[in-house]
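Enquirer: no sequence on hand, only this structure:
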């Protein structure tokens, strides 16, 4: 059995949720089973993600023209590898694959198929259209479609009637050896970042669906503590936060993954305010570190977090402000999580392997 895997989602300096999903699944596959895999960066990569004991392949593509070649001719370029199965973990199965190759695509959520009012540049709109069309084609021709939650599966079934017959859920998890309750976390946080006040944490808020301005406006309505943001954030968002909150806002930027458990454990609460998500890993990481979560009342948060979060309606700034105030008004109580036991990278990898061999 020869299995090809597209590593496009790892071809960035800072990998996002899809890249984390792909990397962790591949790292959870037993070393003895890796001989069946060939990993491809369709576009030449500048980064080495150290996925050991896997074969690698190269297609010699580069730039935007190379991306188009991958979408429309990639299957032809892959023929020399004699693949039996191809997994596209980032929405795309390239056209031109031999019809005897079993195809599996992961569609993490339905957001890619929704029209956005934020893509104002013609070039960005054009690239989204090409990606959108390729993703639609991929789900149509795939033998199996993977998604990451029941909520996402329900959304996809609304968009693509009949997809449920080939749809499987393979959920993400967290690194349970890394994300755990850290003793003396607040002192460690203060020593490294110099922030001495109780704080609320937000993470990975660059996308418009993350509801960043609602968090800022809600935080401004109450007068306790400070707000700390981690992850990529545009200059305009940082400027807006500082204009509204002044020295009550701290942008920590990207931090080393090993620092995240300290930050989660030190925070009074994490806010997960998204309008839409396929899964949303940071709230699960926060709960593994014993920190409470305030979450937008969307179906995937209810599915994943169950009763281990306080919920607010997506646009209810007053409710969110009250929940923030309450979380900062009392001493933090560390509450161990029960829900993290539902999720395990190794079990998800086993389910993936079974799908490849069926």
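Expert: Noted; the coordinates are in hand. A quick note: this is a predicted structure, and the numbers were derived from the prediction, not measured. Residues are numbered from 1 along each chain as shown.
Enquirer: give me the below-cutoff pLDDT ranges for the stretch 101-250 of the chain.
Expert: The model of the stretch 101-250 of the chain has pLDDT under 70 over residues 115-125, 127.
Enquirer: surely residue 17 and residue 111 touch.
Expert: No: between residue 17 and residue 111 there is no contact under C-beta atoms under 8 Å: 11.5 Å. C-betas here are computed from N, CA, C, even on glycine.
Enquirer: those two: who's more crowded?
Expert: Taking neighbours as other C-beta atoms under 10 Å, residue 17 and residue 111 compare with residue 17 leading, 19 against 16.
Enquirer: how close does that one sit to residue 203?
Expert: 11 Å (C-beta to C-beta, to the nearest Å).
Enquirer: do residue 108 as well
Expert: Shown here: residue 108 relative to residue 203, a distance of 18 Å by C-beta to C-beta.
Enquirer: what's the answer for residue 310, then?
Expert: Separation of residue 310 from residue 203 (C-beta to C-beta): 17 Å.
Enquirer: of those two, who's got more company?
Expert: residue 203 (24 against 20).
Enquirer: now that one, what are its backbone angles?
Expert: Main-chain dihedrals, residue 203, degrees, to the nearest 10: phi -140, psi 140.
Enquirer: now swap in residue 293 and tell me
Expert: phi -130, psi 140.
Enquirer: show me what contacts the closest residue to it other than its chain neighbours?
Expert: Among residues not flanking residue 293 along the chain, residue 309 sits closest, at 4.2 Å (C-beta to C-beta, 6 or more residues apart in numbering). Residue 309 makes contact with 272, 283, 292-295, 301, according to C-beta atoms under 8 Å, 6 or more residues apart in numbering.
Enquirer: so which of those residues sit within helices?
Expert: Among the contacts of residue 309, the members found in helices (DSSP state H) are 283, 301.
Enquirer: which single one of the contacts of residue 309 is nearest to residue 248?
Expert: In terms of C-beta to C-beta, no member of the contacts of residue 309 lies closer to residue 248 than residue 294, at 17.3 Å.
Enquirer: count of neighbours near that closest one?
Expert: 23.
Enquirer: where do the strands sit along the stretch 251-358 of the chain?
Expert: Using DSSP state E, counting those that start in this stretch, the strands of the stretch 251-358 of the chain run over 269-272, 292-296, 310-312.
Enquirer: highest average neighbour count across those strands?
Expert: Neighbour counts (mean count of other C-beta atoms under 10 Å) averaged over each of those peak at strand 269-272, with a mean of 26.
Enquirer: that strand - contacts with which helices or strands?
Expert: Judged by 3 or more C-beta pairs under 8 Å, 6 or more residues apart in numbering; DSSP states H and E, the packing partners of strand 269-272 are strand 199-203, helix 282-288, strand 292-296, helix 317-329.
Enquirer: what ranges does the stretch 1-150 of the chain have for its strands?
Expert: With DSSP E, counting those that start in this stretch as the criterion, the stretch 1-150 of the chain has strands spanning 3-6, 37-43, 55-61, 85-88, 102-106, 144-147.
Enquirer: of those, which shows the lowest average pLDDT?
Expert: Confidence, taken as mean pLDDT, is least for strand 55-61 of the strands of the stretch 1-150 of the chain (a mean of 90).
Enquirer: what packs against that strand?
Expert: strand 37-43, helix 63-78.
Enquirer: given the first one, what are its sheet partners and their directions?
Expert: Here strand 37-43 has these sheet partners by DSSP bridges: strand 3-6 (parallel), strand 55-61 (parallel).
Enquirer: ok, residues contacting that strand?
Expert: Residues from elsewhere that reach strand 37-43 (C-beta under 8 Å, 6+ apart): 2-8, 10-11, 26, 29, 51, 54-59, 61-63, 66-67, 70, 74, 78, 81, 83, 94.
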